[in-house]
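Engineer: Output the structure for:
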Amino acid sequence: MNYENYDPSFPDQPVVDLYLPVWSKLPAFRSKPAFVWVDDDGDGTASALTYSQLNDSVQSISSRLLIPLQRGDTVIILCPPGLELIEIIFGCQRAGLVSIPMLPPDPSFAQESHHHLTRVLSQTKPKAAIATRGYITRVNHYIYSNSANRDEKFVAMLQNLRWVSTEEIGTESNAKIRPSAPSPPSCSYNGCKPEEVYLIQYTSGATGIPKPVLVTAGSAAHNVRAARKAYDLHPNSMITSWLPQYHDCGLMFLLLTIVSGATCVLTSPTSFLKRPRLWLQLITDFRATCTPVPSFTLPLVVRRGGVNKGTSPINLASMKNLIMINEPIYRAPVEEFVNAFVPFGLNPSSISPSYGLAENCTFVSTAWRAATNDSATFPNIPTHNKLLPSARLASTNDDSSSEEEDMQIVVVNEETLAPVQDGTEGEIWVSSLSNASGYLGHPSLTRENFHARLSNKGSNCFLRTGDRGIVKGEERLLYVTGRCSDIITITPPNAIETSSRAHHAHYLETSAYDAFPQFLRGGCIAAFERDSRKVAVVAELQRSEGLNRDVLRGLCEGIRDAIWNREKVEVGLVVLVKNGSVPKTTSGKLQRWLAKARLVGGKMNVVMEMEFGVDDNGKSLSSFMGSSVNGSEARDEGTGGKRSSSSSSSSSSAMEVSGNAAGERAESEIAYALTSSGGDSTRPKLLSML
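Structural biologist: Presented below is the predicted three-dimensional model:
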């Protein structure tokens with residue numbers, strides 16, 4: 001089917017849900033699949049929802065939801081990923097409800113798995129929860145059980161909810177959806193208005209406790225229209241995604257599919273993690289033109305993609321937008337992926353480094369450009385400090401830039417609140433109609449982050465992203481360099497004569513992994529300040545069995561030396577922990593603040609830790625403690641290292657962390673990242689010890 005006459009600027013609607021009745025009435029779209037769900041159950045079973053079926057289902061669901069609920073009520077959606085979840089999300093918007101989609105925790109609520117749900121219930125105070133009948137039955141079993149481990153306050157929250165089953169509102173994710181009353185014309189639309197909050201989207205928790213962001217229906221529509229233009233999406237586009245559909249990029253691409261009139265092929269994150277080759281197969285089988293993935297996906301697929309193990313060939317020639325999220329984006333793993341899959345038809349110009357955050361409804365910018373004759377595309381695109389750019393900013397003399405129309409991005413000095421010159425790093429600020437309304441229950445933080453103004457002129461309100469960036473080159477490419485809260489500031493010994501130096505934690509973590517990729521889990525290393533002059537590094541081991549004391553000592557010293565040699569940063573503490581100890585968000589982002597809190601609170605599954613400092617005579621000193629070496633604890637002290645340190649060693653218990661951070665539990669991670677490998681002279685020596 002061909003849609004050459006489709007104008008991507010028409011018909012623009014004030015809210016995303018209003019696109020559905022438009023498409024469902026057009027003969028060319030009525031029977032076209034809007035969403036396809038693929039189960040990785042061995043036979044690749046797929047089910048689909050056409051635009052007509054989805055619109056009818058959404059109308060039916062919205063009518064049924066308004067029987068037990070009233071317009072404006074807040075509801076929490078606790079459904080597994082799939083077509084049913086999509087129907088409910090759009091059904092809530094058409095009913096005028098405020099929805100909170102989230103990953104349903106195991107209804108046994110064991111091992112404190114309900115912490116985030118408790119947070120959501122206490123902060124948003126929803127009137128109802130939507131879940132499958134089986135899930136509700138198990139929740140009731142927990143509520144009325146006599147277990148001594150029950151959280152009574154949590155039980156009271158669950159009891160105060162009205163539980164609505166998906167069977168009660170009649171969702172059906174297949175071609176047998178019963179016909180419903182035709183949806184009303186836009187003039188009598190009673191769903192969420194553009195200025196009304198339709199979604200509460202929690203931040204990832206990468207830099208602090210997740211916060212509830214209030215998203216209006218109008219800002220969400222503006223955001224996906226901006227993304228549609230940036231990625232040149234249209235009804236011929238075929239999108240594929242395994243991202244969680246509950247928030248951030250996964251949710252945005254549901255809306256983006258509808259706005260573009262495209263088709264989106266979906267599968268679950270669990271299916272992808274079990275078999276990364278599935279992602280490649282979906283691109284091949286459906287001739288996908290666009291796919292969003294966290295940046296850790298590329299090296300993961302290179303190593304575990306099993307390209308030569310499947311029975312069907314891989315062909316990536318259809319791909320036009322391989323969208324990478326989770327900044328900062330290193331060039332090396334992207335280049336490794338491109339080199340590995342160019343033989344399978346991948347066009348390097350499809351690489352689309354992008355930037356976004358929940359406070360701006362997800363999408364902010366991309367460095368990708370649709371022009372086929374543009375030489376400034378990967379692999380020719382410039383880099384900064386090993387990073388790829390995530391935006392092309394408008395020239396200060398170019399008033400016609402499409403980027404400027406949708407998103408005004410400036411890099412600002414955090415102290416003076418004035419824009420910095422190109423080439424100077426600062427905080428990224430964004431002014432856009434996509435900006436969310438603020439944080440629920442955080443008025444002062446909302447004023448500070450959502451209503452910032454530049455100091456040197458009367459300006460629009462800006463969103464302070466909390467991310468740092470730098471603009472370079474004639475094309476004014478924006479590089480997202482890290483997070484403001486993760487900056488490590490080191491005060492040199494002679495602080496009077498030498499100024500403090502700021503370092504991004506991810507560079508230190510990459511240096512550590514590059515030294516020992518055979519021993520450490522990539523993307524599972526957290527670096528943070530220990531004090532004003534020292535850094536702590538917590539690193540997950542790929543395996544802890546069979547590693548003797550000498551190997552562990554060599555790893556600790558090697559990590560310290562690798563970071564010093566590459567970044568000139570003094571490491572005061574190296575902690576080796578077991579697999580799964582370093583906390584991450586549901587989208588795979590490191591939670592360095594929580595790693596520090598857990599280390600201080602003694603909640604890390606430590607294999608070994610090693611202190612570095614100097615003794616009273618100024619000699620380099622290391623103390624080596626093992627919490628699980630050959631089944632017993634051990635602590636050795638001795639001199640070592642060729643460098644001198646400026647401060648004496650101190651125990652990890654001396655580190656301080658704010659009370660509200662300590663003890664907070666991270667959400668379950670959906671993946672672990674793998675970064676590029678490097679070389680180190682210590683590695684062969686360690687391998688020979690095994």
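
Engineer: Return the distance of residue 25 relative to residue 143.
Structural biologist: Residue 25 sits 45 Å away from residue 143, going by Cβ to Cβ, to the nearest Å. Where C-beta positions appear, they are placed from N, C-alpha and C, glycine not excepted.

Engineer: what do you get for residue 118?
Structural biologist: From residue 118 to residue 143 the distance is 14 Å (Cβ to Cβ).

Engineer: okay, those two: which has more neighbours?
Structural biologist: Set residue 118 next to residue 143 and count neighbours by other Cβ atoms under 10 Å: residue 118 wins out with 17 against 14.

Engineer: residue contacts, the closest residue in space to that one that isn't next to it in sequence?
Structural biologist: Nearest residue to residue 118, sequence neighbours excluded (Cβ to Cβ, 6 or more residues apart in numbering): residue 154, at 5.4 Å. Neighbour list for residue 154: 109, 114, 117-118, 121 [criterion: Cβ atoms under 8 Å, 6 or more residues apart in numbering].

Engineer: Just the buried ones from the residues you listed, in PyMOL syntax?
Structural biologist: Burial among the contacts of residue 154 is assessed by 16 or more other Cβ atoms under 10 Å; the matching PyMOL selection reads:
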select buried, resi 109+114+117+118+121
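
Engineer: Return the closest of the contacts of residue 154 with respect to residue 159.
Structural biologist: Comparing the contacts of residue 154 against residue 159 with Cβ to Cβ picks out residue 121 as the nearest, at 11.0 Å.

Engineer: Name the SS class of the closest one, please.
Structural biologist: Following DSSP: H, G, I helix; E, B strand; the rest coil, residue 121 is assigned to helix.

Engineer: Surely it and residue 74 touch.
Structural biologist: No. Look at residue 121 against residue 74 with Cβ atoms under 8 Å: they stay out of range, at 10.4 Å.

Engineer: Distance of the residue most central in space within the chain relative to residue 117?
Structural biologist: Residue closest to the average C-alpha location in the chain (Cα atoms, centre = their mean): residue 587, at 3.9 Å. In this view, residue 587 and residue 117 are 18 Å apart by Cβ to Cβ.

Engineer: beta partners of residue 571?
Structural biologist: residue 535 (DSSP bridges).

Engineer: tally of neighbours for it?
Structural biologist: Residue 571, neighbours per other Cβ under 10 Å, totals 26.

Engineer: quick one: contacts for it?
Structural biologist: Taking Cβ under 8 Å, 6+ apart as the test, what residue 571 contacts is 508, 534-537, 559-560, 563-564, 612.

Engineer: what's near enough to touch residue 201?
Structural biologist: 212-213, 215, 247-248, 251, 358, 361, 436 are the contacts of residue 201 under Cβ under 8 Å, 6+ apart.

Engineer: Which helix or strand contains it?
Structural biologist: strand 197-202 (DSSP states H and E).

Engineer: likewise residue 557?
Structural biologist: Here residue 557 is assigned to helix 549-567, by DSSP H and E.

Engineer: Run through the neighbouring helices and strands of that helix.
Structural biologist: helix 505-515, strand 535-541, strand 571-577, strand 606-614, strand 620-629, strand 632-639, helix 682-689 (3 or more Cβ pairs under 8 Å, 6 or more residues apart in numbering; DSSP states H and E).

Engineer: comparing those, which gets the lowest mean pLDDT score?
Structural biologist: Mean pLDDT is lowest for strand 632-639 among these, at a mean of 37.

Engineer: Flag the shaky bits of the chain, pLDDT-wise.
Structural biologist: By pLDDT under 70, the weakly predicted segments of the chain are 1-10, 41-44, 171-187, 371-375, 396-405, 457-458, 492-500, 532-533, 614-690.

Engineer: contacting residues around the closest residue to residue 104 other than its chain neighbours?
Structural biologist: Of all residues not flanking residue 104 in the chain, residue 78 sits nearest, at 3.9 Å (Cβ to Cβ, 6+ apart). By Cβ under 8 Å, 6+ apart, residue 78 lies in contact with 102, 104, 129-131, 135.

Engineer: which one of these has the most neighbours?
Structural biologist: Result: residue 130 is most packed of the contacts of residue 78 (other Cβ under 10 Å), 31 neighbours.

Engineer: Surely that residue forms part of a helix?
Structural biologist: No. Assessed with three-state DSSP, residue 130 is strand; it does not lie in a helix.

Engineer: now it: how far from residue 96?
Structural biologist: Residue 130 is 15 Å from residue 96, by Cβ to Cβ.

Engineer: now residue 337
Structural biologist: Relative to residue 96, and taking Cβ to Cβ, residue 337 is found at 44 Å.

Engineer: again, but for residue 128
Structural biologist: Residue 128 sits at a distance of 14 Å from residue 96 (criterion: Cβ to Cβ).

Engineer: now swap in residue 88 and tell me
Structural biologist: Residue 88 is 14 Å from residue 96, by Cβ to Cβ.

Engineer: that older thread, need the contacts of residue 154 in JSON lines with secondary structure, can you?
Structural biologist: Below are the contacts of residue 154 laid out as JSON lines (three-state DSSP):
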{"residue": "109", "secondary structure": "coil"}
{"residue": "114", "secondary structure": "coil"}
{"residue": "117", "secondary structure": "helix"}
{"residue": "118", "secondary structure": "helix"}
{"residue": "121", "secondary structure": "helix"}
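
Engineer: what about the residue lying closest to residue 136 once chain neighbours are set aside, neighbour count?
Structural biologist: Nearest non-adjacent residue to residue 136, counting by Cβ to Cβ, 6+ apart: residue 163, 4.9 Å away. Neighbours of residue 163 under the rule other Cβ under 10 Å: 19.

Engineer: Which residues are in contact with residue 163?
Structural biologist: Contact analysis of residue 163 by Cβ under 8 Å, 6+ apart lists 128-129, 131, 136, 139.
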